[in-house]
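*Asks:* Can you look at this prediction? I've put the sequence above it.
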Amino acid sequence: MADLMMKRIPASDWQDALPLGNGYVGAMVYGNIQKEKILLNHERLFRYQKQPDYEPFYKYLPHVRKLMLEEKYSEGEKYFNEKFKECCKEVYNVDPYQPFCEICLYRKPDETFTDYSATLDFVSAVATVRWKEKDTEIIRENFVSYDTGCICTSMFSSDNRPLDLKITVDSVAGGENYVDSFTCIQDNCLVFNSQYKDGRKHGAVIFVNTDKGSVEYDDKFISVKAAGRIYLFVMLYIYEDEKKAINRLIKTVKQYDYSQLKKDHITVWNKLYNTASLTLGDETKLMSNEEILLEAYQNKKPADLFHTMFNYGKYLYISSSRENGLPVNLQGIWNGSYEPKWDSDIHNDENVQMCYWASLPLGLFESSLALYDYFDSFIPHFKENAKKIYNCRGILVPICMSTHGKICGTSGKWNSWIAAGGWIAAHYYDYWLFTEDEEFLKHRAVPFMKQVVLFYEDFLITGDNGKYIFVPSISPENVPIHENRSMMCVNATMDVAIAKECITNLITACKHLGIERENISKWEAMLSKMPEYEINEDGAMKEWLYDGLKDNYYHRHQSHIYPLFPGNEITKENNPKIYDALKTAVDKRLLTGFVQQTGWSYAHMANIYARLEDQESALACLNYILRSCTGANLFTYHNDWRDQGLTMYPFGKNPPFQIDANLGFTAAMIEMLIFSKPGFIRILPALPDDWNKGKVKGLRTRCGCIADIEWDLKKKHITVKLASLKKEPVEIEITAGFKKIECKEGTLLSKRDNRYLTVQSDKGKQVILEIGI
C-alpha cells in the first residue's frame with residue numbers, strides 16, 4: 001500500500017496537513033472534524049517589492065582580484081561587500097511567496113467520533129477524511145482538479161443522514177498585517193477579495209451545491225442545513241480586474257459537476273503518476289504514518305516507508321511543477337506563512353536542482369519544462385547581472401530568485417558566485433539526453449549553454465602557467481582553512497567542474513547538430529586551459545585548486561564532489577584515481593558529524609553514496625531523514641525539531657518544511673537502482689541488502705532506452721528489459737556480477753569480466769536479459 005498514506009491524527013499546523021496540487025494551485029487539508037481548515041496557495045502569489053537596482057560594480061573588480069591573488073581573502077571579501085553595498089540604489093530580498101487564503105468548514109458532531117483516519121491516495125491525488133459517529137461514517141473528500149485548478153470538496157455519510165455545514169473564507173492568520181481582505185455574497189457564491197499595499201489583487205469564488213436541504217447566505221459565510229451530499233467548489237483569480245475575474249469564475253464554477261471533475265482529474269493524474277513505478281518486497285498491510293514513523297524512529301528501517309517515500313516524492317513533484325508554471329520552490333507549491341524561511345524562494349545553491357534530479361528519470365518531461373521556462377524568461381536579467389558586476393557578456397544567474405532574475409544587494413558575497421548558470425545548464429542538457437528531443441537541444445539547451453560559456457570567455461583570466469584562474473570563486477557554502485577565513489577565494493573545484501561540464505556539453509551538442517563549427521575549436525581550447533583536479537595529502541579531492549587553500553572537512557556541503565554527483569564527469573571506469581580521491585573526500589566529510597547535517601544534506605549524501613556504490617551508507621542517509629527530519633505527513637524538514645543529535649538545530653522546535661529532501665530522497669533511490677550516461681547503464685549499483693526483492697518499471701536513461709528491472713537476491717536472479725528509443729549499442733554493468741546471461745530479445749554483442757556486457761536492439765524494440773548472479 002505504498003501508493004497511499006494514512007494519518008490517525010489531524011494536523012494542527014499547515015506543515016502537517018495533506019498536500020494537494022495541480023502544479024499551479026495548492027491546497028493543504030488539515031483533516032479536523034469540527035473545524036476543518038483547507039489552506040490554499042497559488043504559485044504566482046508573491047509579496048512584491050521594488051526590484052534591485054545598482055550601479056555597475058565591475059570597476060572595483062580589479063582590486064578584488066588583486067587582493068584575492070595576494071591571498072588577502074578576507075580583505076577582498078570585505079572590500080567586495082562594501083563596494084557592492086555602495087553601488088546599490090535599492091536593496092531588497094527576493095519577493096516572498098505568500099499564502100492565498102484559508103477555507104474553514106464548521107460542523108458540530110452529533111456524537112463523539114471513533115475510527116478516525118485521513119488518507120492521501122497518490123494514484124488519484126484525492127485526500128479523504130473519515131470518521132464514525134456511532135454507526136454512521138462521515139466522509140469528506142478533497143482534490144484539486146488537474147485540468148481546471150478547481151479545489152473540490154464533497155461531504156456525505158454512509159447512511160445519507162442530514163448534514164449541516166458552515167463555510168467561511170479569510171486570509172491566513174496574520175494576514176491583516178500584509179493585506180486588506182473582505183468577503184461578500186454574489187450570485188449565491190461566497191466571494192473573497194484581497195489586496196496588497198501595492199494594489200495587486202487576488203481572490204476566490206466559492207460555490208456550494210447540495211442534493212437536498214437548504215443553503216443560506218451571509219456576507220461572511222454560507223450555511224448548509226439538512227443536506228445529504230454537500231459539494232464545495234473553489235476557484236482562484238490572481239492579478240486580474242476583480243469584477244471581470246469574479247463574474248467569469250462565478251459562471252464557470254456553477255457549471256461544474258463534482259463526479260465528472262473527479263473522473264477527469266483522476267484520468268489525467270493516473271497518466272502522469274504511472275510513467276514509472278517501484279515495488280519493494282511483498283505487499284504488506286497499510287500502517288498509519290504514526291505507526292511506521294515510530295518504527296523508523298526506532299531504527300527499524302521499514303521497507304514500506306522507503307517505498308512510500310519514493311512514491312510520495314513523485315506525487316509531490318507532479319503536484320507542484322507543471323509546464324507554463326513556475327519551478328518547485330523551497331516548499332513546493334505550499335506555504336502558510338507571510339514570512340516564510342528564505343522567502344520560500346527558488347534557491348539555485350543546490351535546492352532547486354535537487355528538486356529536479358528525479359524528474360527526468362521518472363519520465364515526467366512536461367512537468368520539468370517549468371524549470372526551463374522559468375530560467376529562459378529571465379535571460380535579460382541574467383545578462384544585466386553579468387554586465388553590471390563583471391562587465392562580461394553572457395549570463396550570471398543569482399543564488400536566489402522568485403519574481404525576477406536580478407541579483408539582490410542583500411546577498412553580499414553571494415553576489416560573486418558564478419556557478420548557478422552552469423549548474424542549471426546541466427539540466428537543459430540532461431533534458432535532451434533523457435528525451436532525445438533535438439528541437440529542445442537546438443532551440444533551448446544550446447542557446448542557454450552558449451550564454452553561460454560566453455560569460456566564462458570574458459570572466460576567466462589566465463595565470464602564469466597558462467591555466468585559467470577563477471577569481472573570485474566560492475565553494476558553497478564552505479570556507480578553506482586559512483588565517484582569515486572567508487568564503488570568497490580562488491579556483492573552487494566546483495567552479496572548475498561546472499565550467500568544464502558546460503563547455504564539454506556544448507561542444508558535444510553542437511557537433512551532434514552540426515552547428516557552431518567556427519566556435520568549437522575556441523571552446524576546445526578553453527577546456528585545455530582548465531585547472532587540473534588535485535589530490536591533497538590525505539588522498540582526498542581538493543576543494544580549492546589553488547596553493548595555500550587548505551581543505552576544511554568540517555562542513556555539510558560537498559560542492560567539490562560535483563564531478564561525481566550531480567555531474568557525470570568522473571566514474572570508476574574513466575578516472576579511477578580521481579574517483580578514489582572523491583570517495584576519500586566524502587569519507588573525510590564525516591568528521592563534521594551528525595550535528596552539522598540537515599534533511600537536504602542527507603538526501604545529497606545518499607545520492608553521492610549511490611554513485612560510489614556504497615549501498616549501506618546511502619540507505620543510512622535516507623534512514624536518517626526518516627528518523628530525524630520527516631513530519632507527520634511525511635514532509636521533510638530542514639532539521640530535527642526534537643534535537644536528538646542527528647542534525648543541526650538552528651530553528652529549534654519549529655524547523656521549516658523543505659521539499660528538496662522529499663524529492664532528493666526519490667532521486668537517491670533511483671540512483672541506487674540505476675545509473676546512466678550516454679552509451680552506458682549500471683544496474684543496481686547500490687542496492688541495500690534490505691531491498692532484496694523488488695521491481696522498478698519505466699525509468700528513463702541518458703542512453704536512449706527505458707529500463708525495467710526486477711530482482712530477487714535470494715533466488716540470485718535479475719531480469720532487465722530495455723526498450724530502445726534508437727538503434728545504438730549500450731554497455732551495461734551488472735554491479736553484482738553475473739554467472740549466467742540469457743538474451744531473450746535483442747542482441748548480446750559482447751561480455752567481459754562477468755560484470756560488463758554490450759547489447760543492442762532496433763529502435764522501438766527491446767532487449768530482455770535474464771541474469772543469474
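*Replies:* Perfect, I can see it now.

*Asks:* Leaving out the residues flanking it, which one is nearest to the most centrally placed residue in the chain?
*Replies:* The residue lying closest to the centre of the chain (C-alpha atoms, centre = their mean) is Cys355, at 1.5 Å. Using C-beta to C-beta, 6 or more residues apart in numbering and skipping residues adjacent in sequence, the residue nearest Cys355 is Val328, 4.2 Å away. (Each C-beta comes from the backbone N, C-alpha and C, glycine too.)

*Asks:* residue contacts, that neighbour?
*Replies:* By C-beta atoms under 8 Å, 6 or more residues apart in numbering, Val328 lies in contact with Tyr317, Ser320, Ser321, Val352, Cys355, Tyr356, Ala370, Ile659, Leu663.

*Asks:* do Cys489 as well
*Replies:* Cys489 touches Met68, Tyr73, Pro472, Ser473, Ile474, Pro480, Trp544, Tyr546, Leu549, counting by C-beta under 8 Å, 6+ apart.

*Asks:* correct me, but the second one touches His482?
*Replies:* Yes. Using C-beta atoms under 8 Å, Tyr73 and His482 qualify as a contacting pair, with a distance of 6.5 Å.

*Asks:* Comparing those two, which residue is more hemmed in?
*Replies:* Tyr73 (25 against 16; other C-beta atoms under 10 Å).

*Asks:* and Ile520, what element?
*Replies:* helix 517-528 (DSSP states H and E).

*Asks:* Just the CA atoms of that helix, as PDB, please.
*Replies:* Extracted C-alpha coordinates of helix 517-528, given in PDB (Å, rounded to 0.1, in the frame of the first residue of the first chain):
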ATOM      1  CA  ARG A 517      31.800  24.900 -36.300                       C
ATOM      2  CA  GLU A 518      33.600  28.200 -36.000                       C
ATOM      3  CA  ASN A 519      33.300  28.200 -32.200                       C
ATOM      4  CA  ILE A 520      34.000  24.600 -31.300                       C
ATOM      5  CA  SER A 521      37.800  25.000 -31.700                       C
ATOM      6  CA  LYS A 522      37.700  28.000 -29.400                       C
ATOM      7  CA  TRP A 523      35.700  26.100 -26.800                       C
ATOM      8  CA  GLU A 524      38.100  23.100 -27.000                       C
ATOM      9  CA  ALA A 525      41.000  25.500 -26.400                       C
ATOM     10  CA  MET A 526      39.200  26.800 -23.300                       C
ATOM     11  CA  LEU A 527      38.900  23.200 -22.000                       C
ATOM     12  CA  SER A 528      42.700  22.700 -22.400                       C
END
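
*Asks:* who's Gln766 bridged to?
*Replies:* Following DSSP bridges, Gln766 is listed with bridge partners Ala723.

*Asks:* for Trp711, same thing?
*Replies:* Gly694, Ile718.

*Asks:* pLDDT score assigned to it?
*Replies:* Trp711 carries a pLDDT value of 98.

*Asks:* Now do the contacts for it.
*Replies:* Leu684, Leu687, Asn692, Lys693, Gly694, Lys695, His717, Ile718, Thr719.

*Asks:* Same list, those, but as TSV with distance to Glu616 and pLDDT please.
*Replies:* Formatted as TSV, the contacts of Trp711 follow (distance: C-beta to C-beta, whole Å; pLDDT from 0 to 100):
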residue	distance to Glu616	pLDDT
Leu684	14	98
Leu687	10	98
Asn692	13	95
Lys693	18	96
Gly694	17	97
Lys695	22	98
His717	22	98
Ile718	20	98
Thr719	24	98
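
*Asks:* Pull out the buried positions in stretch 541-557.
*Replies:* Buried positions in stretch 541-557, judged by neighbour count with 16 or more other C-beta atoms under 10 Å: 541-546, 549, 551-553, 555-557.

*Asks:* Over to stretch 562-581?
*Replies:* For stretch 562-581, by 16+ other C-beta under 10 Å, it's 562-572, 575, 578-581.
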